[in-house]
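A.B. asks: build me a structure from this.
(one chain, ligands or ions: 1)
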Amino acid sequence: MSNNLLRNKKGIIFGALDENSIAWKTAEKIKAQGGEFILTNAPVALRMGKLNDLAKKTNSIVVAADATRNDDLENLIDKTLEHFNGKIDFVLHSIGMSVNVRKGKHYTDLNHDWLTKGWDVSAVSFHKLMQVLYNKDAMNEWGSIVALSYMAAQRVFPDYNDMADNKAYLESIARSFGYFFGKEKKVRVNTISQSPTPTTAGQGVKGFDGFINYAEKMSPLGNATADECADYTITLFSDLTRKVTLQNLFHDGGFSNVGVSQEVIDIVSKNS
Ligand SMILES: NC(=O)c1ccc[n+]([C@@H]2O[C@H](COP(=O)([O-])OP(=O)(O)OC[C@H]3O[C@@H](n4cnc5c(N)ncnc54)[C@H](O)[C@@H]3O)[C@@H](O)[C@H]2O)c1
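C.D. replies: Next up, the predicted model:
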């Protein structure tokens, strides 16, 4: 159902890799709500060729950018401003990667060069992106910037590994940069803390099936899907949430405020 919530709004979407990606679903929903965007991803992800299918489907263009590289980000923002012949209204940062997770390194035995790489991709890239947007004055007043997070930023999930620290850093950048973006440009910056979701990044976490089943049993409304996350993101890009900023917003079916659910008590009681 479209309410044209994003009519005349223009933006950039980072991180659509394939049909399962949260960013992919968000792009489709933004299009349905009347918004326009440039799609971007790292050159290595573009070589998979899938993003072009989404570009065709949504009548958008693709500009490659490694989100850790300032020159790529500058080029992306310049091309975006040129393409739309003006400033933009929304940006989705949907990027995450840990080399330690990929290579199965335990948290107590991390490779710190890999840690630095994952931190740069998953957290510092958000600062780099906002710094380029800010300095090029690329955002319209009452624009909205959203990054995706996970609640391992607040609580321990042993297998989430160094991504937990990256998410804590990401959420802090949203607050710190969001202050200046709000004060100087009237732009809001938030993170959405999403339920476990079966995507390439999600499934890369050890024990993901256990993770997602546990969260499903703990959440009174059940896990939030990628489609539902896309719906929520649209509200944050719309004019209906203009004074929401510097927040980490849980989109998790209630998981974050549940101590234990009856389903989990029943399972644990059976096993004891
Ligand atoms: N899947 C989950 O369970 C879950 C839960 C909460 C939050 N998130 C977050 O949602 C976001 C999107 O992940 P997803 O689950 O859709 O998985 P995904 O694998 O589909 O998306 C991750 C994206 O990051 C991109 N990326 C990696 N390195 C990059 C770089 N250097 N420059 C630019 N892009 C780069 C990848 O190409 C990919 O498109 C991530 O921040 C992730 O941590 C995911």
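A.B. asks: hey, let's count contacts and neighbours off CA atoms from now on
C.D. replies: Will do.
A.B. asks: for the stretch 1-150 of the chain, what lies in contact range of the ligand?
C.D. replies: Within reach of the ligand by C-alpha under 6 Å from any ligand atom, the stretch 1-150 of the chain has these residues: 15-17, 21-23, 41-42, 45, 66-68, 94-97, 121, 148-150.
A.B. asks: residues from the stretch 151-272 of the chain in reach of the ligand?
C.D. replies: With C-alpha under 6 Å from any ligand atom as the criterion, the stretch 151-272 of the chain meets the ligand at residues Ser193, Gln194, Ser195, Pro196, Thr197, Pro198, Thr199, Thr200, Ala201, Gly202.
A.B. asks: and the last one, that one's in a helix?
C.D. replies: Yes: note on Gly202: a helix contains this position according to DSSP: H, G, I helix; E, B strand; the rest coil.
A.B. asks: which ones are touching it?
C.D. replies: Applying C-alpha atoms under 8 Å, 6 or more residues apart in numbering, we find Gly202 in contact with Pro196, Phe208.
A.B. asks: pLDDT score for it?
C.D. replies: Looking at Gly202, its pLDDT reads 85.
A.B. asks: measure stretch 55-71 end to end?
C.D. replies: End-to-end distance for stretch 55-71, by C-alpha to C-alpha, to the nearest Å: 23 Å.
A.B. asks: and that stretch, what's its mean pLDDT?
C.D. replies: Taken as a whole, stretch 55-71 has an average pLDDT of 98.
A.B. asks: which parts of that stretch are buried?
C.D. replies: Ala55, Thr58, Ile61, Val62, Val63, Ala64, Ala65, Asp66, Ala67, Thr68, Asn70 (16 or more other C-alpha atoms under 10 Å).
A.B. asks: which two of those have the greatest separation?
C.D. replies: Distance extremes for the buried residues of stretch 55-71: the farthest pair is Thr58 and Asn70 at 27.1 Å, using C-alpha to C-alpha.
A.B. asks: tell me how many other residues crowd Ala153.
C.D. replies: Ala153: 20 surrounding residues under other C-alpha atoms under 10 Å.
A.B. asks: just use 24 as the starting number from now, easier for me
C.D. replies: Renumbered: residue one is now 24, and that last one reads Ala176.
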